[in-house]
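Enquirer: Here's a sequence, model it:
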Amino acid sequence: MRYVAVVGLMKVCDGTSQDSLKDGLRAVASNMLRKAASVEKDVRVLKALKVLSVMVTFLLTSLPLSE
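Expert: Down below sits the predicted model:
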């Protein structure tokens, strides 16, 4: 997987984080990123995946809990 593809998947995850109707799309993008992380050797791509990890952690801790 190339760096640009990872960035695109990151944008899909980020852009769908507030929309519960797009959970399936977000799940597919997340699964692809996890799969890429397990087989990727390019340092640039691995750094992009680390950035995603930080972004996801931030989003999960900053979103309000549902009632």
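Enquirer: Would you indicate which residues of the helix or strand encompassing Cys13 are buried?
Expert: Secondary-structure element containing Cys13, defined by DSSP states H and E: helix 3-15. Using 16 or more other CB atoms under 10 Å as the burial criterion, the residues of helix 3-15 that qualify are Tyr3, Val6, Leu9, Met10, Val12, Cys13. Just so you know, the C-beta spots here come from the backbone N, C-alpha and C atoms, and that holds for glycine as well.
Enquirer: Would you format those residues as a markdown table with pLDDT and distance to Lys41 included?
Expert: Putting these into a markdown table (pLDDT from 0 to 100; distance: CB to CB, whole Å) gives the following:
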| residue | pLDDT | distance to Lys41 |
| --- | --- | --- |
| Tyr3 | 71 | 12 |
| Val6 | 75 | 13 |
| Leu9 | 80 | 18 |
| Met10 | 77 | 19 |
| Val12 | 83 | 23 |
| Cys13 | 78 | 22 |
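Enquirer: Which single one of the residues you listed is nearest to Arg34?
Expert: Distance ranking of the buried residues of helix 3-15 against Arg34, using CB to CB, places Leu9 first at 10.3 Å.
Enquirer: Do I have it right that the closest one meets Ala29?
Expert: Yes - checked against CB atoms under 8 Å, the pair Leu9 and Ala29 is within contact range at 4.6 Å.
Enquirer: Look up how far Leu25 lies from Lys41.
Expert: Applying CB to CB, to the nearest Å, the value for Lys41 to Leu25 is 27 Å.
Enquirer: between those two, which one's more packed in?
Expert: Counted by other CB atoms under 10 Å, Lys41 and Leu25 do not tie: Leu25 has more neighbours, with 14 against 6.
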